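# Predicted model, plus sequence, below.
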Amino acid sequence: MKKVILGLLVIICMLGMINLRPLLAQENITVRDMVGRNVSVPQDPKRIICIAPGTLRLIIYLEAKNKVVGVEDIEKKFPATRPYWVANNELGRLPSIGPGGPNSIDKEPDLEKILAVRPEVIFITYMGYERAQSVQRKIGIPVVVLTYGPFGTFNEKVYDALKLVGKVLNKEARARKVISFIQDFQKDLLSRVEGFPENDKPSVYVGGIGFKGTHGIESTQTIYAPFEWVKAKNVAKPEGKKGHLFVDKEKILSWNPDFIFIDGGGSQIVKQDYKKRPDYYQGLKAFRNRRVYILHSFNWYMTNIGTVVADAYAVGKVLYPKRFNDVDLAKRADEIYTFLLGRPVYEQMSRTYGHLAEVPAYLK
């Protein structure tokens, strides 16, 4: 029975799409998606959906949210955690296209819900070649696979994703502007720290990093973009493994970094642990000297790129105050969010995570 219903929905969807756009007037282009599939898509489609981590964010960056006709349930949950949703939460009124979330990665989505909203193109991240082919065959709608690169950090593959989506949605000029915007900030950050003596740099560590859930101080990253962009001396970087890393708490004691940054997503776990084990934390000079600072969580349903940039300025202002003395963190964050998302949301994000570069209240 379910197959019969699905078949009827396919027919209804196709008829609806014909009504939406006369078949003879519809022009198609062929694009190569990010798993190497050649996909024929309508040029500048009017109805799209976004599935899996990070997909909707890219559409919003490209100022194409008006084309979105349905959203995942996960997008409507935890509404204060992701800047793109805070800035565009009216999308929550759109129909559901399935649960979404990390457990849905590279799984067949809810085809009935997808067909019910009659998209012309499906954008999806982290789906394998064969599964994408299968989904496309079953429902007769182009599936374009995207990627941000490895989970949990910033990777320049996201630029390729922006270019690909821009080509499909006739937003190539906007894609170029977004990429240049991010790269210009990277250049500014690096130029501010250029020539700073390596021997004078303090050692740093970031804890509380989210990775398939929230974690405490032992959750870190060896390649942490806000550190990389200001050439900070990350004590975890020499560990060899790239990306996320769980470290033994005794290892953090042995590193004993000069400064510790706490990801806002894990800050409550760190706070609770601090109250249970104050002696451990007092063994860390950063905690003794109150050189512990809050950053906003950027790894939430893939990388919130604007938050990466804002966090990097916060790190720079803490570590190199003279070189960042002209930067107002709230204004800089809202400059970033306004360009990428359409409006300023720094204050809303600060209500969730705390203010950038703020010393946690339990240490004051």
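Arrived safely, thanks for sending.

# If we ignore the residues flanking it in sequence, what's nearest Gln136?
When the adjacent residues along the chain are set aside, Gln136 lies closest to Val143, with 4.4 Å between them (Cβ to Cβ, 6 or more residues apart in numbering). Heads up, the C-betas are built off the backbone N, CA and C, glycines and all.

# Give the burial count for that neighbour, as a bare number.
When neighbours are counted by other Cβ atoms under 10 Å, Val143 registers 24.

# Was I right to think it contacts Glu120?
No: between Val143 and Glu120 no contact is recorded; they are 11.6 Å apart, counting by Cβ atoms under 8 Å.

# Relative to Asp311, how far out is the residue nearest to Gln136?
33 Å (Cβ to Cβ, to the nearest Å).

# next one: Ala52
With Cβ to Cβ as the criterion, Ala52 and Asp311 are 24 Å apart.

# These two: who's more crowded?
Asp311 (29 against 26).

# List the contacts of that one.
Neighbour list for Asp311: Ala225, Pro226, Leu295, His296, Phe298, Leu356 [criterion: Cβ atoms under 8 Å, 6 or more residues apart in numbering].

# Which single one of those is nearest to Leu111?
Phe298 (32.0 Å; Cβ to Cβ).

# any idea how far the closest one is from Leu253?
Distance, Phe298 to Leu253, using Cβ to Cβ: 27 Å.

# On the three-state scheme, Val41 is what?
Three-state assignment for Val41 (DSSP: H, G, I helix; E, B strand; the rest coil): strand.

# Next, work out how far apart it and Leu295 are.
With Cβ to Cβ as the criterion, Val41 and Leu295 are 38 Å apart.

# for Gly149, same thing?
Applying Cβ to Cβ, the value for Gly149 to Leu295 is 21 Å.

# ok, the two, which is more surrounded?
Shown here are Gly149 and Leu295; by other Cβ under 10 Å, Leu295 has more neighbours (29 against 17).

# quick one: contacts for that one?
Leu295 sits next to Val206, Pro226, Phe261, Ile262, Asp263, Gly264, Asp311, Ala314, Val315, Tyr353, Leu356, Ala357 when contact means Cβ under 8 Å, 6+ apart.

# can you redo the residues you listed as JSON lines with secondary structure and pLDDT?
Below are the contacts of Leu295 laid out as JSON lines (DSSP: H, G, I helix; E, B strand; the rest coil; pLDDT from 0 to 100):
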{"residue": "Val206", "secondary structure": "strand", "pLDDT": "98"}
{"residue": "Pro226", "secondary structure": "helix", "pLDDT": "97"}
{"residue": "Phe261", "secondary structure": "strand", "pLDDT": "98"}
{"residue": "Ile262", "secondary structure": "strand", "pLDDT": "98"}
{"residue": "Asp263", "secondary structure": "strand", "pLDDT": "97"}
{"residue": "Gly264", "secondary structure": "helix", "pLDDT": "95"}
{"residue": "Asp311", "secondary structure": "helix", "pLDDT": "98"}
{"residue": "Ala314", "secondary structure": "helix", "pLDDT": "98"}
{"residue": "Val315", "secondary structure": "helix", "pLDDT": "98"}
{"residue": "Tyr353", "secondary structure": "helix", "pLDDT": "96"}
{"residue": "Leu356", "secondary structure": "coil", "pLDDT": "98"}
{"residue": "Ala357", "secondary structure": "coil", "pLDDT": "98"}
